[in-house]
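Novice: How does the following fold in three dimensions:
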Amino acid sequence: MKSGFRAALVMTTALAGVGMAGGSAFAGGFINSSQSTVFNGMAYAGAAAPGSSSAATMFYNPATITGFSRFTLDSNYTFGIPETKITSSTNVGAYNAAFSGRSGDVGLDYFVPATYVVYPVNDRIFLGLSVNTTYGNSTKAENVWQGSLFASTSKLRIITATPTIAYKINEAWSVGIGVQIQYASAHQTARLPGAPFTAVAGGAGITESDGWGFGVTAGVTWQPFKGTQIGLGWRSLVDQKISGRTVFGPAVSENSEGTLNLPNRVNLSLRQAVSQRIDLLASVEWQNWGRIGHARLDNPANAALAVLPFGYSDGWFFSVGGEYKATDQLTLRAGIGYEVSPVRDSVRRVTLPDNDRLWLSAGLSYDWSDRFTFNASYSFLHVKDAPITQTSGALTLTGESKATAHLISVGLTSRWGGAPKKEEPLVKKF
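Specialist: Numbering: from 1, shown residues only. Have a look, this model is predicted:
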């Protein structure tokens, strides 16, 4: 029976090897949505609009950094605690009687830092830098259950550094642009759960790979009148080049290569003051996951391993929220969001049982002094029950995934120096 199990496992990787991307970042597709402590407290409402106390707003719109009058350092640390359970409801061949139809909790806890720096050169020109994990996934097939035949151990991390420059045209308009510099590392292997990874024992997949990719980011902010601030931000597509070592049983390639087509993202946000103490915020974001197609990492020794079938549709995210300045030191936040996942029923798999989700968020900031602000926030995510039908060779698994997540974030914003000197007019009027 073991030899048949191993053969099915190798065939599974060849036909359905999608473990290179998954849901540990707990957002649509495998985008990492945990980029800001402040905006986590409002379900990311208003993230691309100017007026925030957090420099993390530059991730969504580089033009927003013209709102910072001093050198600002913004550090963010988010802890994700997902719970994902999958139940199989159909026969998967001879393995139906041997293994449980319940996966147990397959969600992996994770920690995500994000750092932002803003430097005002003068009252017109502003420089910025962000360092983020922009995409990520980890899955691990620890428990032996029916879905183990369709799953794999995988890890994907894409770290992005984005140097930015912005120009304040006047009190109403600002523009900004930046360069995305991405480093990706990935691995995906399938094997008999609990057994060592060897070519003979049924090991198959991507044992190690990495690569670099480049893109741009741009944005504009507009204040049509006092109290109303609008921002439009864009993060470009990146064709992430990846190369490394792949294994398919005894067939080993040390120079497998492929491309992961990452999406454009466009965010339109609004911040509206309703009083001296209350701001209302809203955002809509489009993510064109439809361009990802079916990623490939070619093993010349076995073409069957080459295709990683994603086949996603475009994703959408909608959110509204508010900020209330309770005292001169304390600001309270809350928000609600709804995300339309790019993973539809036809392409959902046990390695990424993603679906539409509801966000409920709350947070606060406390000004310790003129220099330091402590930020904290919490989001609860409820994922719509996700049906799964996945086929590998003669085996078919039909089941359902149920998932929730808790996002706990803390951060510190620090400000240094004074405001930049205003530029002297070229012609003085006496």
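Novice: Show me what stretch 333-342 is in contact with.
Specialist: Stretch 333-342 has contacts (C-beta atoms under 8 Å, 6 or more residues apart in numbering) with 27-29, 38, 41-45, 281, 287, 289-290, 312-324, 354-365, 377. (Glycine included, C-beta is placed from N, CA and C.)
Novice: low pLDDT regions in the stretch 301-430 of the chain?
Specialist: Applying pLDDT under 70 to the stretch 301-430 of the chain flags the ranges 301-309, 392-393, 419-430.
Novice: mind running it again at 90?
Specialist: 301-313, 341-355, 386-401, 417-430 (pLDDT under 90).
Novice: coming back round to it: can you tell me which of the contacts of stretch 333-342 end up in strands?
Specialist: 281, 287, 315-324, 357-365, 377 (DSSP state E).
Novice: related to what we said a few turns ago, quick one, which of the contacts of stretch 333-342 are buried?
Specialist: By neighbour count, with 16 or more other C-beta atoms under 10 Å, these hold 27-29, 38, 41-45, 281, 287, 289, 312-323, 354-357, 359, 361-365, 377 as buried.
Novice: So which bits of the host helix or strand of Asn137 are buried?
Specialist: Using DSSP states H and E, Asn137 sits within strand 125-139. Residues of strand 125-139 classed as buried under the neighbour-count rule (16+ other C-beta under 10 Å) are 126-130, 132-139.
Novice: ok, now stretch 231-244?
Specialist: Residues of stretch 231-244 classed as buried: 231-238, 240-244 (neighbour count, 16+ other C-beta under 10 Å).
Novice: Need those in a markdown table (columns: distance to Val106 and secondary structure).
Specialist: Formatted as a markdown table, these follow (distance: C-beta to C-beta, whole Å; DSSP: H, G, I helix; E, B strand; the rest coil):
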| residue | distance to Val106 | secondary structure |
| --- | --- | --- |
| Gly231 | 37 | strand |
| Leu232 | 38 | strand |
| Gly233 | 34 | strand |
| Trp234 | 34 | strand |
| Arg235 | 30 | strand |
| Ser236 | 33 | coil |
| Leu237 | 30 | coil |
| Val238 | 28 | strand |
| Gln240 | 26 | strand |
| Lys241 | 30 | strand |
| Ile242 | 25 | strand |
| Ser243 | 29 | strand |
| Gly244 | 25 | strand |
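Novice: which two from those residues end up farthest apart in space?
Specialist: Taking C-beta to C-beta, the two most distant members of the buried residues of stretch 231-244 are Gly231 and Gly244; they sit 38.4 Å apart.
Novice: follow-up on the earlier one: go through the buried residues of stretch 231-244 and name the one nearest Ile206.
Specialist: Checking the buried residues of stretch 231-244 against Ile206 with C-beta to C-beta, the nearest one is Gly244 at 6.3 Å.
Novice: how many neighbours does the residue lying closest to that closest one once chain neighbours are set aside have?
Specialist: Nearest non-adjacent residue to Gly244, counting by C-beta to C-beta, 6 or more residues apart in numbering: Ser209, 2.6 Å away. Using other C-beta atoms under 10 Å, Ser209 has 21 neighbouring residues.
Novice: tell me the SS of Ser209?
Specialist: With DSSP: H, G, I helix; E, B strand; the rest coil as the basis, Ser209 sits in strand.
Novice: contacting residues for it?
Specialist: Ser209 sits next to Ser185, Ala186, His187, Ile242, Ser243, Gly244, Arg245, Thr246, Ser256, Leu297 when contact means C-beta under 8 Å, 6+ apart.
Novice: What subset of those residues is buried?
Specialist: Neighbour counting by 16+ other C-beta under 10 Å classes Ala186, His187, Ile242, Ser243, Gly244, Arg245, Thr246, Ser256, Leu297 among the contacts of Ser209 as buried.
Novice: bridging residues for the closest residue to Gly335 other than its chain neighbours?
Specialist: Leaving aside its chain neighbours, Gly335 sits nearest to Gly321 (2.7 Å; criterion: C-beta to C-beta, 6+ apart). Here Gly321 sits in beta bridges with Leu281, Gly335, going by DSSP bridges.
Novice: Pretty sure Leu281 is one of the things Gly321 touches, is it not?
Specialist: Yes. Using C-beta atoms under 8 Å, Gly321 makes contact with Leu281 at a distance of 4.9 Å.
Novice: Show me whatever sits in contact with both of the two.
Specialist: The contact sets of Gly321 and Leu281 overlap at Met42, Ala45, Gly46, Gly335 (C-beta under 8 Å, 6+ apart).
Novice: Count the neighbours of the last one for me.
Specialist: What that stands for is Gly335. The burial count for Gly335: 27, using other C-beta under 10 Å.
Novice: ok so, going back, just name the closest of the buried ones among the contacts of Ser209 to Ala386, please.
Specialist: Nearest to Ala386 among the buried ones among the contacts of Ser209, with distances taken as C-beta to C-beta, is Ala186, at 23.5 Å.
Novice: what helix or strand does the spatially closest residue to the closest one that is not a sequence neighbour sit in?
Specialist: Nearest in space to Ala186, with sequence neighbours left out and distances taken as C-beta to C-beta, 6+ apart, is Leu156 at 4.6 Å. Here Leu156 is covered by strand 153-168, with elements defined by DSSP H and E.
Novice: okay, the angle between that strand and strand 125-139?
Specialist: For strand 153-168 against strand 125-139, the angle by axes from the mean of the first three to the mean of the last three C-alpha atoms, to 10 degrees is 170 degrees.
Novice: what about the helices in the protein?
Specialist: Applying DSSP state H to the chain gives helices spanning 2-16, 37-40, 95-98.
Novice: Which of those helices has the lowest mean pLDDT?
Specialist: Note on the helices of the chain: helix 2-16 shows the lowest mean pLDDT, a mean of 32.
Novice: mind exporting stretch 63-77 as PDB, just the C-alpha atoms?
Specialist: C-alpha atoms of stretch 63-77 as PDB (Å, rounded to 0.1, in the frame of the first residue of the first chain):
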ATOM      1  CA  ALA A  63       2.100  60.800  -2.800                       C
ATOM      2  CA  THR A  64       0.700  60.700   0.800                       C
ATOM      3  CA  ILE A  65       4.200  61.300   2.300                       C
ATOM      4  CA  THR A  66       3.900  65.000   1.500                       C
ATOM      5  CA  GLY A  67       1.700  65.300   4.600                       C
ATOM      6  CA  PHE A  68       4.600  64.600   6.900                       C
ATOM      7  CA  SER A  69       6.500  67.600   8.200                       C
ATOM      8  CA  ARG A  70       9.300  65.800  10.000                       C
ATOM      9  CA  PHE A  71      11.600  62.800   9.600                       C
ATOM     10  CA  THR A  72       9.300  59.900  10.500                       C
ATOM     11  CA  LEU A  73      10.000  56.300  11.300                       C
ATOM     12  CA  ASP A  74       7.000  53.900  11.400                       C
ATOM     13  CA  SER A  75       7.500  50.300  12.600                       C
ATOM     14  CA  ASN A  76       4.600  47.700  12.400                       C
ATOM     15  CA  TYR A  77       4.400  44.200  13.800                       C
END
